[in-house]
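Visitor: Any chance you could fold what I've pasted below:
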Amino acid sequence: MDIPAPLAQLLQALDASDLPAAKAAAAELRRSPSGNTQLAAEVLHELRQPLLGVKAYAQMLSEELGMRGPLKQMLAQVERMEQIISDFTRLASERPAPQQTVSLVAHVQAAARAFGLNPDSSRVSLQVEAREDFTVQGNGRLLEQLTLNLLNNARDAVSGPARVKVVLGREGASPVMYVADWGPGVPEAVRHHLFEPYVTGNKRGTGLGLAVCKRIAQEHHAQLELVPASVLAEQPAPTTVFRVLFPAPAALPTAPHAQASAPSPAAPAPAPARRRLLVVDDEEIIRSVFKDLMGRECEVLEAVDAEEALAHLKRGPVDLLVTDKNLPGLSGLELAQRARELDPGSRVILMTGYPSLVTAQQALELGLLDYLLKPFDDIREVRAKLRQALASTTPIRRAIRPGSRRVDVLEDSPASARRLTEALAQMGLEARVLDAEPGEPTVEPPAAVVVSWDFGPAHGRQALELARKLGQGAPFVVLAEYLSQETMLEALRAGASGCLPRELQAPELSHELSRLLEQARS
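Guide: The predicted structure follows:
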């Protein structure tokens, strides 16, 4: 396929980290037909693979040499290139992202943590002020990107030490976020075009970040604008303040603030040295990253496609299979299914640069351990997940407990609880509905557990942990008001057998529960 000249120029500029040339080529692409824009987005996406390899090796080197000098600068440039690719891909996309009720504070805090990972952010004093939690209807990943882009914009506007502050509050009933900085301010010449693609007021910017912010705000029916510094009672007054005003929520439940700031569990100790890890990816750089990452701790086998991986599995079992989703020939999900047929106890982690709700649900129902998104933010977090998976010998799938007819239902919606009771009765099972957080598990454990992601007493991840504790090894199924990729992945990582819409009627709900619980039995 011939690559249009502007696209070739853009790829060359990105390869050379020449941001002015990249900006000029991107502007030319914007004036070209939409087909070229889509092609550019797809090719830029493919650039993430070599960037992932460069970033991963740089992070591994930083563990040995420390984060300093050229290594620090190289990581910063790789992360800037990743941001350019993400921003352009986002602008080229016409598909709306799924939304649900989310904690605004939690995702702002996550963006602040991601901002701090960039070495160039060390010169910035960042403060996040939130006197209460706020819920909005939106997409958590995009809200993080919106916040991170505004933070990056503030940092890149100044060349030395800087102060940036995020304030979360309310204007009337509407949640609002302010991002303020004490830099040089926005030049008058660009103020009226600030949110247009490729318009920027600083030498380091690409002109894409604020355009992406505007698009994300519009998807959330929010207003993004530059406002006077007087809106914040700060002394001295900031020079630049961006305001994101969200629509007033309609009786949205408040997500627990403690959940947003809960610390991540500590990584387990390294796995025994001779466990076997099979990595399947048609990109050599990705296989090399995993081999160098884990080669000292376990035996790392490699395969370029599913057929080669199956040949390895037929010669002998492996302790963990890590596979890309988009393989030549059989897909990674099909490989996982074949691996499960060869060994029902197979433990599989899926990697993808093209996440979707459908494949997340397939991974969940196949009983996969995790669903890793490329490019990896931090290769050390990936290593911790691999160590945890290799160290554990407990099969991810749980069998429905024989001899018991009771299914514990964690649901505080009366209408949903009635549908669940009816659906389970059609399966010959009895529902014990719990609309409040139970105490200790009963002496007689249930056959299975059904838990609502939107269970008020313990929302989201807390609900999943409660279901695992209550089930005492029994399978559990998650119900959600709105099925999102985030919900699917959290359910997968918690070990659920499936995730279903909360509003299914009793006959269909009975069919789906029966399918998932029978699947758990196999």
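
Visitor: From Cys499, how far off is Val450?
Guide: The gap separating Val450 from Cys499 is 11 Å, by C-beta to C-beta, to the nearest Å. (Each C-beta comes from the backbone N, C-alpha and C, glycine too.)

Visitor: so what's in contact with the two at the same time?
Guide: 477, 479 (C-beta atoms under 8 Å, 6 or more residues apart in numbering).

Visitor: Looking at the two, which one has more neighbours?
Guide: Remark: of Val450 and Cys499, Val450 carries more neighbours, 28 against 23, as counted by other C-beta atoms under 10 Å.

Visitor: what residue ranges in the stretch 151-300 of the chain score low on pLDDT?
Guide: Scanning the stretch 151-300 of the chain for pLDDT under 70 picks out 197-208, 250-273.

Visitor: Break down it into its helices, ranges please.
Guide: Ranges of helices in the stretch 151-300 of the chain, per DSSP state H, counting those that start in this stretch, are 209-219, 257-260, 284-294.

Visitor: what's the closest of these to Leu479?
Guide: helix 257-260 (18.4 Å; C-beta to C-beta).

Visitor: Correct me if wrong: Glu512 contacts Gly498.
Guide: Yes: assessed by C-beta atoms under 8 Å, Glu512 is found in contact with Gly498 at 7.5 Å.

Visitor: re the thing from before, so for Pro507, which of the helices of the stretch 151-300 of the chain sits nearest?
Guide: Closest to Pro507 of these is helix 257-260 (C-beta to C-beta; 34.2 Å).

Visitor: buried sites along the strand or helix carrying Arg418?
Guide: Element membership for Arg418 (DSSP states H and E) is helix 414-426. By neighbour count with 16 or more other C-beta atoms under 10 Å, helix 414-426 contains the buried residues 416-417, 419-421, 423-424.

Visitor: And stretch 455-475, by the same measure?
Guide: Neighbour-count burial for stretch 455-475, counted by 16+ other C-beta under 10 Å, picks out 455-456, 458-464, 466-468, 470-471, 474-475.

Visitor: which non-adjacent residue is nearest Leu148?
Guide: Ala111 (4.3 Å; C-beta to C-beta, 6 or more residues apart in numbering).

Visitor: Give me the subset of the buried residues of stretch 455-475 lying in helices.
Guide: If you go by DSSP state H, the buried residues of stretch 455-475 have 461-464, 466-468, 470-471 in helices.

Visitor: In TSV: the helices of the stretch 151-300 of the chain, plus distance to Ala58 and mean neighbour count.
Guide: Below are these laid out as TSV (distance: least, C-beta to C-beta, whole Å; neighbours: other C-beta atoms under 10 Å):
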stretch	distance to Ala58	mean neighbour count
helix 209-219	23	21
helix 257-260	30	15
helix 284-294	11	19
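
Visitor: coming back round to it: elements contacting the strand or helix carrying the residue nearest to Leu148?
Guide: Per DSSP H and E: Ala111 is located in helix 104-117. Judged by 3 or more C-beta pairs under 8 Å, 6 or more residues apart in numbering; DSSP states H and E, helix 104-117 is in contact with strand 124-130, strand 135-138, helix 140-156, strand 162-171, strand 174-181, helix 257-260.

Visitor: I'd like to know which of those lies nearest to Leu320.
Guide: Nearest of these (C-beta to C-beta): helix 140-156, 26.4 Å.

Visitor: How far does the closest one sit from its chain's centre?
Guide: 15 Å (C-alpha atoms, centre = their mean, to the nearest Å).

Visitor: With stretch 413-425 instead?
Guide: 31 Å.

Visitor: Quick check: mean pLDDT of that stretch?
Guide: On average, the pLDDT along stretch 413-425 is 93.

Visitor: CA atoms only: put it into PDB for me.
Guide: Extracted C-alpha coordinates of stretch 413-425, given in PDB (Å, rounded to 0.1, in the frame of the first residue of the first chain):
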ATOM      1  CA  SER A 413     -32.400  -2.800  44.000                       C
ATOM      2  CA  PRO A 414     -35.800  -4.400  44.800                       C
ATOM      3  CA  ALA A 415     -36.700  -4.800  41.100                       C
ATOM      4  CA  SER A 416     -33.500  -6.400  40.200                       C
ATOM      5  CA  ALA A 417     -33.600  -8.700  43.300                       C
ATOM      6  CA  ARG A 418     -37.100  -9.900  42.200                       C
ATOM      7  CA  ARG A 419     -35.900 -10.700  38.700                       C
ATOM      8  CA  LEU A 420     -32.900 -12.600  40.100                       C
ATOM      9  CA  THR A 421     -35.100 -14.600  42.500                       C
ATOM     10  CA  GLU A 422     -37.400 -15.600  39.700                       C
ATOM     11  CA  ALA A 423     -34.500 -16.400  37.300                       C
ATOM     12  CA  LEU A 424     -32.800 -18.600  39.900                       C
ATOM     13  CA  ALA A 425     -36.100 -20.400  40.700                       C
END
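
Visitor: hmm, who's touching it?
Guide: 407, 409, 411, 430-431, 433, 435, 450, 452, 454, 479, 502-507, 509-510, 513.

Visitor: at 10 Å instead, please
Guide: 405-407, 409-411, 429-435, 447-448, 450, 452, 454-456, 477, 479, 481, 502-514 (C-beta atoms under 10 Å, 6 or more residues apart in numbering).
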